[in-house]
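K.L.:
give the three-dimensional model of this entry:
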Amino acid sequence: MLNQLVRWFQTRPVWLRGGFFGVALCTVLFIFYIGLYFPFLQFAYQDQLESDGTMPGWTTNIPMVTGHLFPLLSEFVFDVTLVCEETETVCSSWDIDNGCTQQEQVISESCRGKADLIGFLSFTIGLEAIYFVLGSVGNVLLHKRKKL
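P.N.:
Residues are numbered from 1 along each chain as shown. Presented below is the predicted three-dimensional model:
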């Protein structure tokens, strides 16, 4: 089975093999950040997180350079109003004698959660596409250089 997979992979065009490699690298880096890097930092800076709620700024440099910080921060970057409308009414001002004096429309939490998921998946697919293109171009250039 593995032999057949390797043979199939080797018969694909150079650019496609590089693209597959780029996507695999992107996925492995994502698993590394989620499974090892961020948990280790949380453990290493546990005292600082408990005291002031922050970590040193350099801790996000590596994930930012590789692009993997953007899907993780997508809920802060992605505009939920692209997906959701303000449908729920909440009271924004109360008076002891008269009760609710002012109401406003807000986005429901369930729609906000769906929008956050859509943002995360959009950024993730975009990052995978970038890695696919970089892997394809890199592999083509590598094979051209080998032929010279």
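
K.L.:
please make it C-alpha for all contacts and neighbour counts, starting now.
P.N.:
Noted.

K.L.:
can you give me the strands in this structure?
P.N.:
With strands called from DSSP state E, the chain shows them at 86-95, 99-107.

K.L.:
the shortest one: how far from the chain's middle?
P.N.:
Centroid displacement of strand 99-107 relative to its chain, using CA atoms, centre = their mean, to the nearest Å, is 34 Å.

K.L.:
what's the mean pLDDT across that strand?
P.N.:
Taken as a whole, strand 99-107 carries a mean pLDDT of 87.

K.L.:
list the strands paired with it, with their directions.
P.N.:
Using DSSP bridges, strand 99-107 pairs in its sheet with strand 86-95 (antiparallel).

K.L.:
now the partner strand: mean pLDDT?
P.N.:
Mean pLDDT, strand 86-95: 87.

K.L.:
residue ranges in this protein under the pLDDT threshold?
P.N.:
148 (pLDDT under 70).

K.L.:
residue contacts, the residue most central in space within it?
P.N.:
Centroid-nearest residue in the chain: P71, 1.7 Å away (criterion: CA atoms, centre = their mean). By CA atoms under 8 Å, 6 or more residues apart in numbering, the contact list for P71 reads G119, F120, L121, F123, T124.

K.L.:
looking at the residues you listed, which is nearest T101?
P.N.:
Nearest to T101 among the contacts of P71 is G119, at 35.0 Å by CA to CA.

K.L.:
just checking, the closest one touches E75?
P.N.:
Yes. G119 is within contact range of E75, at 6.7 Å (criterion: CA atoms under 8 Å).

K.L.:
neighbour count for those two, which is higher?
P.N.:
For G119 versus E75, neighbours defined as other CA atoms under 10 Å are more numerous around G119 (23 against 18).

K.L.:
list the contacts for that one?
P.N.:
Contact analysis of G119 by CA under 8 Å, 6+ apart lists P71, S74, E75, F78.

K.L.:
just the buried residues of the contacts of P71.
P.N.:
Among these, those scoring as buried are G119, F120, F123, T124 (criterion: 16 or more other CA atoms under 10 Å).

K.L.:
the third one against H68, yeah?
P.N.:
No. Applying CA under 8 Å as the test, F123 and H68 come out as separate, 9.2 Å apart.
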